[in-house]
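Colleague: have a look; sequence and predicted model below, questions after that.
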Amino acid sequence: MSKKAKQENTKIAPQVKIKGRNVDVFYGDKQALFDINLDIERNQVTSLIGPSGCGKSTFLRCLNRMNDTIDICKITGSITLDGQDIYDKEIDVVELRARVGMVFQKPNPFPKSIYENVAYGPRIHGMTSSKEELDKIVLKSLKRAGLFEEVKDRLDESGTSLSGGQQQRLCIARAIATRPEVLLMDEPCSALDPIATAIIEELIDELREKFTIVIVTHSMQQAARVSQKTAFFHLGKLIEEGATDDIFTNPRNQKTQDYITGRIG
Amino acid sequence: MTDTAKTEQEISEHTSSAARLRLKKRYKSERMFKFWGQGAIFFSIGFLVLLLSTITFKALPAFTYHFASLPYDMSELDKTDISKLKKADYDGMVRSTIRSQFPNVSGRKDKKTLSSILSSGAPVILRQQVLKNPNNIDDPSSFAVPISDFADLYLKGQITNSTLEKRDELGQISILDKQVEISFEQNIFTNITNQIAKRLEKEALLMRESMQGSIRSLEKTKADIKIINEQLLGASEIETERLNKEKSRLLDKETELYVRIADLRSKANDLKTRAKLVISQGEEITNKDQSILIYFNGAVVKAQYVTPNRIIGKLLMPFDNGVPASVQKWQLRMIETPQANRKFSDQEIVWIDELLTKGFISKDFNWIFATKGASREPEMAGIWGAVVGSFLTIIVTLALAFPLGVAAAIYLEEFAPKNKITTIIEVNINNLAAVPSIVFGLLGLAVFLNFFGLDRSAPYVGGMVLALMTLPTIIIASRAALRAVPPSIREAALGIGASKLQTVLHHVLPLAMPGIMTGTIIGLAQALGETAPLLMIGMVAFVVDIPGALNDPATVLPVQIFMWADFPEPAFEQRTSAAILVLLAFLILMNALAVIIRKRFERRW
Amino acid sequence: MPDSGHIVSSYEMELTELASSISQMGGMVECAIAQSIDALLSHDKKKAKKIAKDDRLVGDMQRKIDENAVSMIARRQPMASDLRLIISSIHVANDLERIGDMAKNISRRIKHIKGGEDLSPSFYNGVRHMTDLTLLQIKTALDAFAARDTKAAIAVCERDDEVDALYVSIFRELLTYMMEDPRNISQCTNLLFCAKNLERAGDHATNIAEAAYYLETGMNLQVMLDEKRDEEK
């Protein structure tokens, strides 16, 4: 890339939404992440790639403190959201998780109606004062998630009666209903067929306008298609991170190259 | 050619002959397994059907009862004055009405027996009904009172069978003293006399056997005396005294036996003679014989003496229109069970039959059983008190055990830190589930009754004891149900920003509800059938009134069944079986309710 | 050179086959150029015909490489160095095919070059010199591609000036011959075209060298050289 182009890039560099500095994660005595330093930029899709067990999911779960549910998990270092340390004692985990939503690998809609699934979050966070408002939020979230047209006349049906792809979109709608700032996605398409995957990738592209998205994926093609920034993890360490284009056409680190081309698992 | 074919087949591991043998063996073992499984099912179903049909068969008679609607004289009663109605003499009313039906009954004993064919609680029932519907005083026979338990059993055919023959031999009637004599030309009563002869001979035989027994005793005594005599020969002074005492006792015994043998012998001979003479001389019909009754012209004669062509007996019912000279159309009734073997005499049979003929008796649903409390009289005993008691107790148990149990399970499963203390608690809860129920009764007795001084025999105390017993079951089942909820649901809820409590209450608990309900049903069903702990805290009390509040004295169904099984009256046997059916119905109802609730939870999502 | 092979060995084999196809094609093309100049200088019309005919094989080779490359892109979704290898291979095959065309063109012209006065030996030496240099460029470029040698690639690009200079001198010489004797114009024009073809072959060799550089570094060699030149200025 020419120097001029490089200079242009730094001028319009997006702000940093989440900053991870010297993050170490321990499961009991076993260390899962070693000194991770990563910036997640605002309104961008950042993908975390790496072989199984490399710590990318662990890192993702640190960003919304889901690792708190695991007793033996210990985290050191700092992770800041908009400059505020999310592990600070004053931070309410519940509020954090309303700001940082999560979509899981296997679609897990609540065994309630479609409407209820989406309405639950806003309701418990006291985001609405009337049923009309709640209806509006549900409608908007379903529309944004690209699911509304398909379910508009069966909002009362159980969330589990939908197909896999629809369920995952329902989970996305549910996650964005609480108007989060960041959306974490842990291999969201791994259980879906290619068409459903494509729909969700399109969705991610659209959501990028409003949200900051971090996606963990096993598929390098997906990471290449969907993200603007990619971070490669290996055995708990952050090996390389950079613009997706660069990582996938000309990575700097040999390990990254080997993983991307399929030379190491 | 065949060799290559064979080798070609055997190349595959799964089509070789060895594989085929394995396949056959597997089919055989599958068939055996199916056979055993089906056999087990049929076996258990068979036993279940046997059990249920036995109980139902025994219980069915208890669900109906015969009531008497007599024409009471209620002219004195004022249907507008309730306080006066409350104090009226229903006892006297009942007594006088029944006596008016049989005006010829005289003598205190007979009159008492007459009154006893109605239930002793008849006046109470009458009063209750009058107070409930004072307007029906205008039609007194709309009030139905229960007849006595034995009368009811009789009408249901449980006391005895009888045969009724229509006869038309011409008989001559004569009255001697208080007895009636009916004589016929032919010897029409030979079968009866033969029966009596047989009975006499049987008695004679028994006498003889008894006599033989006495003879053997005598011989033994004689031998003993001989031994003592021998001992006396070389005995010391002290010994001699003792031996002499012994000897005199034996001698007394010997004499006794002699007398007895002689007595028995003469009695046996006597009986034998009588048996022989029955044909010619006739014989007395005792309570040990089948009763013979002769019906004609509205009169009933109970034969007390019979010869082959003659009957002498007493009138159980008077003639409609005076004593006729002869009788042409009459009926012979033989009551199979001798009067000595039943608790309902011939006179009572005749009275009840009369009331039945007059249309005063109706068979109705046994509402007394369904609505009344305990009583010593079988006909006045009802199951409703126990049902209400059981219901109240179970409500208390449910109200205490369910929330506490579920909350404890939620805390232990979701919130408690996994350390030694929680492990100890878990082990202890599992152990508590296996503690015998009577221990909880003792606990209740010591703590609730003695230490806290709470009411004995109250449903709320019973409920508390049963709640303690049921708690471990509910906790264990609830924990298992909570554990079975997939973690993905919890993660989804937490990811959306629900607090731990919200996650558990809004998402995990509804999913675990079916399992929790199952555990609760099991626990409550167990509690419903518990007798021992409730006995300990005194729910044995004889509770006549239906309990109205949680602290009224009450009893529960299993305890009631237990009590009734002890009572001697045969009518209680039916009621015990009926109570068992009610208990089973209660259980089924409870289970059905719980299944509906569980289905509701499942359907909601 | 990546030290560990692909986990999927068939992928590795396909890549190897692609590289060997390129090498094979390169060899064919080198041979064609050398032989065409030989035929030119010795007026061997038979040889010339053969070379022209054999150009078909070069075309086939290019098509094969193209097809394989497209197939691999569809099936393997190559990333990073693999992607660059395959894309570069397509470019290199293209350039080699063009070089082959140059050889064919030279051969075709041979029959138009009638006898007549032979030009000075120094001229023919000049042509030989240019041929040798061009062949060296091609060889070095292909070697750089195969070995991913960036230094060699840079050398090829820088040496292109020499090739150009040689062409200019041949051009001038031919011009003087044409100006000397108009009867030479026909022969000289054809010879000029042949020299032009050689020069263009040299340019294609530079393309191959750039491809080699891109393969190894992911960056454009020409842009880099331009920048260096700007800096030096």
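Modeller: Done, it's in.
Colleague: please make it C-alpha for all contacts and neighbour counts, starting now.
Modeller: Fine.
Colleague: relative to the whole chain's centre, how far out is the helix or strand that contains residue B:591?
Modeller: Residue B:591 is part of helix B:570-604 when elements are defined by DSSP states H and E. Average the C-alpha atoms of helix B:570-604, do the same for its chain, and the two points are 19 Å apart (CA atoms, centre = their mean, to the nearest Å).
Colleague: buried ones in that helix, by neighbour count?
Modeller: By neighbour count on 16 or more other CA atoms under 10 Å in any protein chain shown, the buried set for helix B:570-604 is B:571-583, B:586-587, B:590-591, B:594-595, B:598.
Colleague: for stretch B:52-70, same thing?
Modeller: So for stretch B:52-70, counting by 16+ other CA under 10 Å, buried means B:55-56, B:58-59, B:61-70.
Colleague: tell me the confidence at the nearest residue to residue B:315 once chain neighbours are set aside?
Modeller: What sits nearest to residue B:315 in space, not counting adjacent residues and going by CA to CA, 6 or more residues apart in numbering or on different chains, is residue B:301, at 4.6 Å. Here the pLDDT value assigned to residue B:301 is 86.
Colleague: buried sites along the helix or strand hosting residue B:301?
Modeller: With the criterion set as DSSP H and E, the secondary-structure element containing residue B:301 is strand B:299-307. Of the residues in strand B:299-307, B:299-307 count as buried by neighbour count, 16+ other CA under 10 Å.
Colleague: now the helices for the stretch 51-200 of chain A?
Modeller: If you assign secondary structure with DSSP state H, counting those that start in this stretch, the helices in the stretch 51-200 of chain A sit at A:56-63, A:93-99, A:114-124, A:131-144, A:148-151, A:164-177, A:194-207.
Colleague: can you add mean neighbour count and give the ones you listed back as CSV?
Modeller: Converted to CSV, the helices of the stretch 51-200 of chain A look like this (neighbours: other CA atoms under 10 Å in any protein chain shown):
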stretch, mean neighbour count
helix A:56-63, 22
helix A:93-99, 21
helix A:114-124, 22
helix A:131-144, 18
helix A:148-151, 15
helix A:164-177, 27
helix A:194-207, 17
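Colleague: can I get the ones you listed in JSON lines with distance to chain C?
Modeller: Conversion of those to JSON lines gives the following (distance: least, CA to the nearest CA, whole Å):
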{"stretch": "helix A:56-63", "distance to chain C": "21"}
{"stretch": "helix A:93-99", "distance to chain C": "35"}
{"stretch": "helix A:114-124", "distance to chain C": "37"}
{"stretch": "helix A:131-144", "distance to chain C": "31"}
{"stretch": "helix A:148-151", "distance to chain C": "33"}
{"stretch": "helix A:164-177", "distance to chain C": "24"}
{"stretch": "helix A:194-207", "distance to chain C": "15"}
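Colleague: quick revisit: now tabulate the buried residues of stretch B:52-70 in JSON lines and tack on secondary structure, pLDDT and distance to chain C.
Modeller: As requested, these are exported to JSON lines (DSSP: H, G, I helix; E, B strand; the rest coil; pLDDT from 0 to 100; distance: CA to the nearest CA, whole Å):
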{"residue": "B:55", "secondary structure": "helix", "pLDDT": "91", "distance to chain C": "75"}
{"residue": "B:56", "secondary structure": "helix", "pLDDT": "92", "distance to chain C": "76"}
{"residue": "B:58", "secondary structure": "helix", "pLDDT": "89", "distance to chain C": "80"}
{"residue": "B:59", "secondary structure": "helix", "pLDDT": "89", "distance to chain C": "80"}
{"residue": "B:61", "secondary structure": "helix", "pLDDT": "87", "distance to chain C": "85"}
{"residue": "B:62", "secondary structure": "helix", "pLDDT": "87", "distance to chain C": "84"}
{"residue": "B:63", "secondary structure": "helix", "pLDDT": "89", "distance to chain C": "83"}
{"residue": "B:64", "secondary structure": "strand", "pLDDT": "90", "distance to chain C": "86"}
{"residue": "B:65", "secondary structure": "strand", "pLDDT": "91", "distance to chain C": "90"}
{"residue": "B:66", "secondary structure": "strand", "pLDDT": "90", "distance to chain C": "93"}
{"residue": "B:67", "secondary structure": "strand", "pLDDT": "90", "distance to chain C": "95"}
{"residue": "B:68", "secondary structure": "strand", "pLDDT": "89", "distance to chain C": "98"}
{"residue": "B:69", "secondary structure": "coil", "pLDDT": "88", "distance to chain C": "99"}
{"residue": "B:70", "secondary structure": "coil", "pLDDT": "86", "distance to chain C": "103"}
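Colleague: so can I have a markdown table of these showing distance to chain A?
Modeller: Putting the buried residues of stretch B:52-70 into a markdown table (distance: CA to the nearest CA, whole Å) gives the following:
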| residue | distance to chain A |
| --- | --- |
| B:55 | 45 |
| B:56 | 45 |
| B:58 | 50 |
| B:59 | 48 |
| B:61 | 52 |
| B:62 | 50 |
| B:63 | 48 |
| B:64 | 51 |
| B:65 | 54 |
| B:66 | 57 |
| B:67 | 58 |
| B:68 | 62 |
| B:69 | 62 |
| B:70 | 65 |
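Colleague: let's have those in TSV, adding distance to residue B:81.
Modeller: Formatted as TSV, the buried residues of stretch B:52-70 follow (distance: CA to CA, whole Å):
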residue	distance to residue B:81
B:55	47
B:56	45
B:58	45
B:59	42
B:61	39
B:62	37
B:63	35
B:64	34
B:65	32
B:66	31
B:67	27
B:68	26
B:69	23
B:70	23
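Colleague: burial count for residue B:414?
Modeller: Neighbour count of residue B:414, defined by other CA atoms under 10 Å in any protein chain shown: 17.
Colleague: got it, and residue C:151?
Modeller: Neighbourhood size, residue C:151 [other CA under 10 Å]: 11.
Colleague: any idea how far residue B:29 is from residue B:23?
Modeller: Between residue B:29 and residue B:23 the computed distance is 10 Å (CA to CA, to the nearest Å).
Colleague: same check, this time on residue B:508
Modeller: If you measure residue B:508 against residue B:23 using CA to CA, the figure is 46 Å.
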